[in-house]
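>>> Kindly generate the corresponding structure for this input.
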Amino acid sequence: MMGRLVGIARVTELGAPIEEMTSASISLERGIAGDARGAKKGRQVTVLFREGWEDACRDLGVELPWVTRRANLLLAHL
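All right, here's what the predicted structure looks like:
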C-alpha cells in the first residue's frame, strides 16, 4: 500500500514528550536521527496511517492528535 508522508515525530529520550518535526534525516540503520528508539535493533520507526488512526478515534468517540500514538511517521493513503 502506498502512502504520502504527512507527519514526522521523535522522542529524544525515553519517556520524553514527543516532538513533531517538519523534516528529518532517516536511515535504515538508525531510524530517525535523534530518536531515542532509533538505535534499538529491529525497531527503527513506527508507521501509522492517518485513516486508520481516524477510524480508531471515531470508534472510540474521541479526537486525538496522531502523536498520542507516539508513532514516528504518519502516512496518508494516496
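
>>> Can you name the residues that contact the residue nearest to Ile26 when sequence neighbours are not counted?
Distances taken as Cβ to Cβ, 6 or more residues apart in numbering put Ile32 closest to Ile26, at 5.4 Å, once the chain neighbours are dropped. C-beta: built from backbone N, CA, C; applies to glycine. Ile32 sits next to Ile8, Arg10, Ala24, Ser25, Ile26, Gly38, Gln44, Val45, Asn72 when contact means Cβ atoms under 8 Å, 6 or more residues apart in numbering.

>>> Show the buried residues in those.
Buried members of the contacts of Ile32, scored by 16 or more other Cβ atoms under 10 Å, are Ile8, Arg10, Ala24, Ile26, Gly38, Gln44, Val45, Asn72.

>>> so the last one touches Thr46, yeah?
Just to be clear, that refers to Asn72. Yes. When contacts are counted by Cβ atoms under 8 Å, Asn72 is listed as touching Thr46 (5.2 Å).

>>> can you list the residues that contact the worst-scoring helix or strand of the chain on mean pLDDT?
The helix or strand of the chain with the lowest confidence, counting by mean pLDDT, DSSP states H and E, is strand 26-27 at a mean of 90. Outside strand 26-27, the residues within contact range by Cβ under 8 Å, 6+ apart are Ile32, Ala33, Gln44, Val45.

>>> For Arg4, state which of the residues you listed is nearest.
Distance to Arg4 across the contacts of strand 26-27 (Cβ to Cβ) is lowest for Val45, with 16.0 Å.

>>> Can you give me the buried ones in the helix or strand containing Ile8?
Ile8 is part of strand 3-10, with elements assigned from DSSP states H and E. Using 16+ other Cβ under 10 Å as the test for burial, strand 3-10 gives Gly7, Ile8, Ala9, Arg10.

>>> what bridges to the third one?
So that's Ala9. Glu20 (DSSP bridges).

>>> ok, it touching Glu20?
Yes. Using Cβ under 8 Å, Ala9 is in contact with Glu20, at 5.0 Å.
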